[in-house]
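K.L.:
Please work out how this folds:
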Amino acid sequence: MIAVLLGLTLGTIWGAAAGYFRGWLEEILMRMADGLYSLPSVLMALLAVTLLGPGQASILVAVSLANIPIFARLTRSLFLSLREREYVLAARAIGSSDSRIIFRHILPNCLSTLLVQASISFAAAVLAEASLSYLGLGTQPPDASWGRMLK
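P.N.:
Take a look at the predicted model:
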């Protein structure tokens, strides 16, 4: 759950910056997200476990890294559609700052879609943790895990 929330937070910040500010920043951030998204999540998890060793920290990093580009792409697409709405243009016309427009007008309208994606990602995170634990790369004894229970 923490891994998905971390991926949600970082991905939302990443996608919001790309979707609102556009230009070269959007290109760089989205190419990085595409690069992360192109790696299979199991391969990314195995890489994290190799670098950090088996345990909960490596699973947290692996699941978070797998979720960041998903939330970044979703947030960017939502920001691109919402930044052209009349209420955002009106807020910009009266001189509202970028941070006020983002946090007061655009982000609250993105939350429902992001929460639906988060609920889907929770299920995927449980499956990822169970599969890594089944392979012996996840949580270590005495911690409980569905993957180790299957062995």
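K.L.:
ok, now which ones touch the residue of the chain most remote from its centre?
P.N.:
Distance from the C-alpha centroid of the chain, by Cα atoms, centre = their mean, peaks at Ile94 (32.7 Å). Counting by Cβ atoms under 8 Å, 6 or more residues apart in numbering, Ile94 makes contact with nothing. The C-beta positions use only the backbone N, C-alpha and C, and glycine is treated the same way.
K.L.:
where's it relative to Arg85, distance?
P.N.:
Relative to Arg85, Ile94 is positioned 15 Å away (Cβ to Cβ, to the nearest Å).
K.L.:
same thing with Ser77?
P.N.:
Counting by Cβ to Cβ, the gap from Ser77 to Arg85 is 14 Å.
K.L.:
What segments of the protein are helices?
P.N.:
For the chain, the helices defined by DSSP state H cover 2-21, 23-38, 41-52, 56-82, 86-93, 98-100, 107-134, 146-150.
K.L.:
Could you dump those helices into TSV and include distance to Gln140?
P.N.:
Shown next, in TSV, are those (distance: least, Cβ to Cβ, whole Å):
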stretch	distance to Gln140
helix 2-21	17
helix 23-38	27
helix 41-52	11
helix 56-82	8
helix 86-93	49
helix 98-100	43
helix 107-134	9
helix 146-150	9
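K.L.:
Need the ones you listed in CSV (columns: mean pLDDT).
P.N.:
Converted to CSV, these look like this (pLDDT from 0 to 100):
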stretch, mean pLDDT
helix 2-21, 94
helix 23-38, 89
helix 41-52, 83
helix 56-82, 91
helix 86-93, 94
helix 98-100, 92
helix 107-134, 90
helix 146-150, 62
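K.L.:
Would you convert these into TSV that also reports mean neighbour count?
P.N.:
Formatted as TSV, those follow (neighbours: other Cβ atoms under 10 Å):
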stretch	mean neighbour count
helix 2-21	20
helix 23-38	13
helix 41-52	16
helix 56-82	22
helix 86-93	13
helix 98-100	10
helix 107-134	16
helix 146-150	14
